Every structure is written in C-alpha cells, then in structure tokens.
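>>> What would the 3D arrangement of this be:
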Amino acid sequence: MAIAVIGAGMAGLSAAQELLSAGKEVRLFDKGRGPGGRMSTRWVELNGQQVRFDHGAQYLTARSDQFQSVLEGWVESGVAAEWQAQIVDLDHHGQAKPRPKQKRYVGTPGMNGIIRHLASDLDVKWGMRVIDIQKTSGQWRLVFEDGRAEDGFEAVILAIPAEQLPPLTRQCAPEIAKVAERIQSEPCWTTLAVFKDRVPAEWQAARTSEGAVAWIANNASKPQRGDFEAWVLQASANWSRTHLEDDKDAITDACLRRFAI
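Next up, the predicted model:
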C-alpha cells in the first residue's frame, strides 16, 4: 500500500523522498495550482514583460553540513544559486549596519525553482484539496473537494499549516486536532513594488525594527530575476496582526511610506 502525503511544499516533498529511499510507494496531494507553498514565486505582467517576486521565503541558509551538501547539490543542478547580497540592519533614522556574513541561497529562477525540482520525480497531484480523512478496515481514505476519493493508503502524512489540520483530523485523529487548535501562525503583510527609477540603496536587503516594514529586499539582486527594479517589503508579525483586517491599499501606502524613510 502507498503512503499519502498532503502538502507538497518543502516538508512534504522531503518526507516523500525519504520514504521513496526506504522503498515505500508515495503519492502527494496539494491544493495549490503548482509548486511553491511558502517558497512561492509570484509573477506579474508589466509593459508586456513578466516581473518575478519571491513573496514567501526569501533565502535559505545551512545550519548543518548535511543541508549544506544538499544546497550545493541544488546549485550544481542549476535550481539554486548563492545570493551574494549585502544585508544590513536599519535603525529608525535609516542608518545601516552590516549583518554578519554567511552563505545565503535562493532558488532559480525563483524560490519555487527548488520545489519544482523536488517535485519533478514524484507522484504529485496539484489542485487537489483534501476535505476529509477517514480510516476504515485499517486503511486510510482521502476525500477531495470535488467529490472524488482515493483509498487504500497505509498511512497519511500531513505537511500543511497547523490551522488547516483540525477540520481534517477531528474525527480520525482528535488528539492531533487538539494540539493544532492551540497553534496560530504569525501573519505577514507583504507589498510587491516595482519602481521606474533605481532605488538609491547601497545594500540589497535590510531588516528593520518593529513597524510597517521589517524586511526589505531588492528582488532583482537575486540571480536570474531580471532587470526590473522590483522590491519585496514584508511587515513585522506584530504590525501585520494589528492591521490584519485593514484595506490592502492602506497597507500598501503604509509600507511604501516606511520604505521611503
């Protein structure tokens, strides 16, 4: 029997690869239209050309020799590259202090390039939203939003945000649902901006103190991103939580005003 993995982001795909290495049959299901998850890359059209933004995870670093080896393998495969950016801390007055140097990697031509690579040799079905998980006669059954169902799984792995777990597990695994209900992900308002003129910054990315903008990145400074003056502005979790229900235009104005400082 196969093992089902719900969620084909970095966690789900990595789990699937380990299971395959152990000789297991694995099938993955993801509600998204394609690879990405928290490493999504968004495309917008501007003057007939596509502008690419990494609006989720901004880069990867290695904290173990094992993952460093994995990153180097992705670089050799052409799906990742080292991002040799100057990253600074900005104070309230806009004064910059360089952050410690370390190797940072990004997917190419977008962060989701790594996810596409991991998914390429796996049995992944996109656009499949699971709405129920059932267990009968020692086997697991998945029910999808479109009314279809697949059964005969020996196990199910859930590689999805905690908030999505309770509706799927209250009946089949109530102990998991209870734990998940106590977990709340941090929100993050993100503004994607393209400027006609070059932004006069001597750095490629910056972290700031609490406020409307906590992370700033020149997306064009990353390998294979094109020449547009495209920037990603991410608010802090506290600010995002306070303004979670605000109008999108008001959020954009607040982030751009903070960026202008």
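>>> Residues touching the helix or strand bottoming out on mean pLDDT in the chain, excluding its own?
Ranking every helix and strand in the chain by mean pLDDT, DSSP states H and E puts strand 41-46 at the bottom, with a mean of 84. Residues outside strand 41-46 that contact it (CB atoms under 8 Å, 6 or more residues apart in numbering): 50-55, 107, 109-113, 192, 194, 228. Using the backbone N, CA and C atoms, a C-beta is placed for each residue, glycine as well.
>>> 7 Å instead, please
50, 51, 52, 53, 54, 55, 110, 111, 112, 192, 194 (CB atoms under 7 Å, 6 or more residues apart in numbering).
>>> now swap in stretch 111-127 and tell me
In contact with stretch 111-127 (CB under 7 Å, 6+ apart) are residues 8-10, 13, 16-17, 26-30, 32-37, 39-41, 54, 56-57, 74, 77, 79-80, 107.
>>> Select only the buried ones of the residues you listed in ChimeraX?
The following ChimeraX selection, which keeps only the buried ones among the contacts of stretch 111-127, applies the criterion 16 or more other CB atoms under 10 Å:
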select :8,9,10,13,16,26,27,28,29,30,32,35,36,37,39,40,41,54,56,57,74,79,80,107
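>>> Name the SS class of the spatially most central residue of the chain, please.
Note on the chain: the residue nearest the mean C-alpha position is residue 38, at 1.4 Å, using CA atoms, centre = their mean. Under the three-state scheme (DSSP: H, G, I helix; E, B strand; the rest coil), residue 38 adopts helix.
>>> Hmm, it is touching residue 57, no?
Yes: using CB atoms under 7 Å, residue 38 makes contact with residue 57 at a distance of 5.6 Å.
>>> quick revisit: tell me which entries of the contacts of strand 41-46 lie within helices.
In this view, the contacts of strand 41-46 that belong to helices under DSSP state H are residue 112.
>>> buried subset of the contacts of strand 41-46?
51, 52, 53, 54, 55, 110, 111, 112, 192.
>>> Would you confirm that the second one contacts residue 226?
Yes: the pair residue 52 and residue 226 passes the contact test of CB under 7 Å, sitting 6.4 Å apart.
>>> quick one: the helices in the stretch 1-150 of the chain?
Under the criterion DSSP state H, counting those that start in this stretch, the stretch 1-150 of the chain carries helices at the ranges 10-21, 65-77, 112-119.
>>> Name the spans of the stretch 1-150 of the chain whose pLDDT lies under the cut-off.
Under the criterion pLDDT under 70, no range of the stretch 1-150 of the chain is flagged.
>>> could you redo the buried ones among the contacts of strand 41-46 as JSON lines and give each row distance to residue 178?
Shown next, in JSON lines, are the buried ones among the contacts of strand 41-46 (distance: CB to CB, whole Å):
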{"residue": "51", "distance to residue 178": "44"}
{"residue": "52", "distance to residue 178": "41"}
{"residue": "53", "distance to residue 178": "37"}
{"residue": "54", "distance to residue 178": "35"}
{"residue": "55", "distance to residue 178": "32"}
{"residue": "110", "distance to residue 178": "37"}
{"residue": "111", "distance to residue 178": "33"}
{"residue": "112", "distance to residue 178": "33"}
{"residue": "192", "distance to residue 178": "37"}
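>>> Residue 163: which of those residues is nearest?
residue 55 (19.2 Å; CB to CB).
>>> show me the contacts for that closest one.
Contacts of residue 55 by CB under 7 Å, 6+ apart are 40, 42, 190, 192, 232.
>>> got it, and residue 181?
Counting by CB under 7 Å, 6+ apart, residue 181 has contacts residue 166.
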